[in-house]
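Enquirer: below are the sequence and a predicted model for it; my questions follow.
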Amino acid sequence: MTTINLPDADVPELSGTVNLADLEALGRARLDRNALEYYASGANDEVTLRANREGFRAIRLRPRVLVDVSNVDVRTEVLGLPLACPVGIAPSAFHGLAHETAERGTARAAASAGSLMTLSTFSNTPIEDVARDAVGRLWFQLYPYTDREASADLVRRAEAAGARALVVTVDAPFVGRREPNERHRFALPPHLGVPNAGSREHLARMESESGSQLVNYFQGLVDKAFTWADLAWLRSVTTLPIVLKGILTAEDALLAAEHGAHVWVSNHGGRQLDTAVSSIEALPEVVEAVEGRVEVYLDGGVTRGTDVLKAVALGARAVFLGRAALWGLAAGGEAGVRRTLDLLQDELRLALALCGKQNIGQVGRDLVRL
Ligand SMILES: Cc1cc2nc3c(=O)[nH]c(=O)nc-3n(C[C@H](O)[C@H](O)[C@H](O)COP(=O)(O)O)c2cc1C
Ligand SMILES: CCCCC(=O)C(=O)O
């Protein structure tokens, strides 16, 4: 059991931040090159990384006026869990690179903000410790291992610890080529463990002289032959709802719905297949394909309240923050992530009011012009 004493937040710079770009600048400035390049990079030419942001900007809003917006309500629900607003935290590996509190800082911020944290398989903190801090506001992300029993064990532990859904990442049978990590030999610093991937010594044995060591850690563990047929095996080990993360087409969304899985539209923050379609561009065909049978979520490039609004207008039940949460964590631990969530929620509330909507339920397709 880890015994990090989580310090009460006292990060004076945070109060000067007015948007997520400010938090990003603050967070970036606190990271060394190894961590910064790992968090920031996308695959190859980073076309998809940029497209995620540009995709939101290209969509224009169609506001309505003369509506009573004196009381705007941004609450929603995902899989029956009430959220303060439709924003959760996407799974990302190695929060210990950002802050000493690692995943626990993120979990505490998600819990206190009424949000939801998705915990990566590749966390630096054991599931049970994170679950305690997340107080029920937790999903668990699974990279299915070639060792099925090890995967089943992780799933059972997550379920026992109180995770409310299992998020299976389906866009990463191999790690995308993030060139800065190749060039500068990204590796985990020796003081950080990855409890779900074996001992630190075990990981160290996988390392090589050059290139991204993430590739080595990952390739030794993850099942590249996992297919739709294997979802039945997953069903046999858990009663949790299953969410498939990394869907970008109507064809796969339909298959997911037929398998009873919820759909998380994502291109992994542009870190896997470069030049893949942006998330917000992929969303409409996915929403159309599933015809309301399952819930649809989205991540990739969300940094503004209007981004959240556009995703909801196009049928997403909630959006998730990848890098934005990491920048917040680097900027100020729990308080930094909390600031990230609070600023985004405030922006969303204002945007909703300026669009002439009183609540999330009123946001529909008519709010956007593609
Ligand atoms: C540093 C980093 C680590 C990530 N690790 C994981 C992971 O362990 N599992 C996973 O499913 N997705 C992982 N992702 C992808 C995120 O869940 C998410 O899809 C992506 O970051 C969303 O884009 P955004 O960063 O623009 O918000 C990672 C992303 C980043 C930036
Ligand atoms: C695919 C490699 C595992 C961590 C991860 O998902 C990421 O760095 O994006």
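Expert: Sure, I can see it. Residues are numbered from 1 along each chain as shown. Ligands and ions are numbered 1, 2, ... in the order given.

Enquirer: burial check on the residue in the stretch 251-370 of the chain that ligand 2 sits nearest to, number of neighbours?
Expert: Per CB to the nearest ligand atom, residue 271 is where the stretch 251-370 of the chain lies closest to ligand 2, at 4.5 Å. All C-beta atoms are positioned from the backbone trio N, CA, C, and that covers glycine. Residue 271: 25 surrounding residues under other CB atoms under 10 Å.

Enquirer: if I look at it, how far off is ligand 1?
Expert: The spacing between residue 271 and ligand 1, counted by CB to the nearest ligand atom, to the nearest Å, is 6 Å.

Enquirer: my read: that residue touches residue 52, true?
Expert: No: using CB atoms under 8 Å, residue 271 makes no contact with residue 52, being 10.6 Å away.

Enquirer: the residue of the stretch 251-370 of the chain closest to ligand 2: what's it in contact with?
Expert: 41-43, 49, 176, 178 (CB atoms under 8 Å, 6 or more residues apart in numbering).

Enquirer: what ranges do the helices span in the stretch 201-350 of the chain?
Expert: 213-219, 231-237, 250-258, 279-290, 305-313, 323-354 (DSSP state H, counting those that start in this stretch).

Enquirer: relative to residue 60, which of these is closest?
Expert: Nearest of those to residue 60, taken as CB to CB: helix 305-313 at 9.3 Å.

Enquirer: give the rounded mean pLDDT of that closest one.
Expert: Helix 305-313 shows a mean pLDDT of 98.

Enquirer: which stretches of the stretch 1-150 of the chain aren't confidently modelled?
Expert: Per-residue confidence for the stretch 1-150 of the chain (pLDDT under 70) gives these ranges: 1-9.

Enquirer: now residue 337: how far from residue 117?
Expert: Taking CB to CB, to the nearest Å as the measure, residue 337 falls 9 Å from residue 117.

Enquirer: and for residue 370?
Expert: Per CB to CB, residue 370 is found 31 Å from residue 117.

Enquirer: tell me which of these two has more neighbours.
Expert: residue 117 (29 against 12).

Enquirer: neighbours around the residue nearest to that one when sequence neighbours are not counted, how many?
Expert: Leaving aside its sequence neighbours, residue 117 sits nearest to residue 110 (CB to CB, 6 or more residues apart in numbering; 3.9 Å). Residues contacting residue 110 under the criterion other CB under 10 Å number 29.

Enquirer: just the element for residue 110, please.
Expert: helix 102-112 (DSSP states H and E).

Enquirer: now do that helix against helix 323-354, angle only.
Expert: Here helix 102-112 runs at an angle of 20 degrees relative to helix 323-354 (axes from the mean of the first three to the mean of the last three CA atoms, to 10 degrees).

Enquirer: got the residues of the stretch 251-370 of the chain near ligand 2?
Expert: Applying CB under 6 Å from any ligand atom, we find that the stretch 251-370 of the chain lies next to ligand 2 at 268, 271.

Enquirer: coming back round to it: overlap in contacts, residue 337 and residue 117.
Expert: 89, 106, 110.

Enquirer: so which residue is smack in the middle of this protein?
Expert: The centroid of the chain falls nearest to residue 90 when counting by CA atoms, centre = their mean (1.2 Å).

Enquirer: and that residue, how far from ligand 2?
Expert: 10 Å.

Enquirer: ok, residue 212 next?
Expert: According to CB to the nearest ligand atom, residue 212 and ligand 2 sit 9 Å apart.

Enquirer: now that residue, nearest residue through space, not along the chain?
Expert: residue 181 (3.8 Å).

Enquirer: cool, and residue 141?
Expert: In this structure, residue 141 finds its nearest non-sequential neighbour in residue 91, 3.6 Å apart by CB to CB, 6+ apart.

Enquirer: for the stretch 51-200 of the chain, what lies in contact range of ligand 1?
Expert: 52, 90-93, 120, 122, 141, 169.

Enquirer: let's have those in JSON lines, adding secondary structure.
Expert: Below are those laid out as JSON lines (DSSP: H, G, I helix; E, B strand; the rest coil):
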{"residue": "52", "secondary structure": "helix"}
{"residue": "90", "secondary structure": "coil"}
{"residue": "91", "secondary structure": "coil"}
{"residue": "92", "secondary structure": "coil"}
{"residue": "93", "secondary structure": "coil"}
{"residue": "120", "secondary structure": "coil"}
{"residue": "122", "secondary structure": "coil"}
{"residue": "141", "secondary structure": "strand"}
{"residue": "169", "secondary structure": "strand"}
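
Enquirer: of these, closest to residue 252?
Expert: residue 169 (13.3 Å).

Enquirer: quick check: that closest one touching residue 142?
Expert: Yes: counting by CB under 8 Å, residue 169 does reach residue 142; the two are 7.2 Å apart.

Enquirer: measure stretch 318-327 end to end?
Expert: End-to-end distance of stretch 318-327: 20 Å, with CA to CA, to the nearest Å as the criterion.

Enquirer: which residue of the protein lies farthest from its centroid?
Expert: What lies farthest from the middle of the chain is residue 66; by CA atoms, centre = their mean that is 36.2 Å.
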